[in-house]
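Visitor: Pasting the sequence and the predicted coordinates here, then a few questions.
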Amino acid sequence: MSVALANALRSACQGVGLIEILVTMLLLSVGLLGFIGLQTLALQAERSAFYRSSASVIAMDAAERIRANRTGFAAGGYASSLAENSGSCFEAAGCSPEALAQAELYELQGRAAEVLPSGVLAVCLDGTPNDGRSTDHACDGSNRMVAIKIWWDDNRDGVAETLVSTSVAFP
């Protein structure tokens, strides 16, 4: 092989290693961006699961309190959309079952608002517990099924549209 041909081949191959490195860096960058995207989705799913389990715990707590205070439920103490704070029920004896129900509902609504973003809790008689919105609970009062509905803003768009509901039947 002549020296001129070797020099021509050598000059034609200059920069090929640099192009290979640039292509490798491009592929690595795309892969890292994909990984970051998956990590973001995983964090959002984890946050959503935390909110859903927190709402379920609050709903089950409400159901147990209603079961323990059936007299307060029958008097309509849990069926108020805006509960009143009756702190005296927790400080002294002699609180009526309806006042206790109002105090417990106030505490549960406060916990839903504290733990969940834009959290709203409603307790009502409803034959279809999986409907309604945080602004309109859609409680029909049709039967003896007590619906505990909790809404929150899962995607942080300013609207509490994610719902967890629990129903309790009384004989």
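Guide: Here it is on my side, so go on.
Visitor: Give me the buried positions along the helix or strand harbouring residue 167.
Guide: Residue 167 is part of strand 162-169, with elements assigned from DSSP states H and E. By neighbour count on 16 or more other C-beta atoms under 10 Å, the buried set for strand 162-169 is 162-168. Yep, even glycine has a C-beta here, placed from its N, CA and C like the rest.
Visitor: Spatially central residue for the chain, please.
Guide: In the chain, the centroid-proximal residue (C-alpha atoms, centre = their mean) is residue 51; its distance is 3.4 Å.
Visitor: so for the stretch of helix or strand that one belongs to, what's the average pLDDT?
Guide: Here residue 51, judged by DSSP H and E, is contained in helix 16-68. The pLDDT scores in helix 16-68 average 91.
Visitor: on contacts alone, who are the packing partners of it?
Guide: Contacts defined by 3 or more C-beta pairs under 8 Å, 6 or more residues apart in numbering; DSSP states H and E place helix 16-68 against helix 97-115, strand 120-125, strand 145-152, strand 162-169.
Visitor: pLDDT at the closest residue to residue 76 other than its chain neighbours, what is it?
Guide: Leaving out its chain neighbours, the residue that sits closest to residue 76 by C-beta to C-beta, 6 or more residues apart in numbering is residue 98, at 7.0 Å. Looking at residue 98, its pLDDT stands at 85.
Visitor: returning to what we had before: my read: the residue nearest to the centre of the chain touches residue 163, true?
Guide: No. With contacts counted by C-beta atoms under 8 Å, residue 51 stays clear of residue 163, the gap being 11.5 Å.
Visitor: Tell me how far the strand holding residue 167 lies from the chain's centre.
Guide: Remark: strand 162-169 is offset 14 Å from the chain centroid, using C-alpha atoms, centre = their mean, to the nearest Å.
Visitor: Next, the angle from it to strand 120-125.
Guide: Here strand 162-169 points in a direction 30 degrees away from that of strand 120-125 (axes from the mean of the first three to the mean of the last three C-alpha atoms, to 10 degrees).
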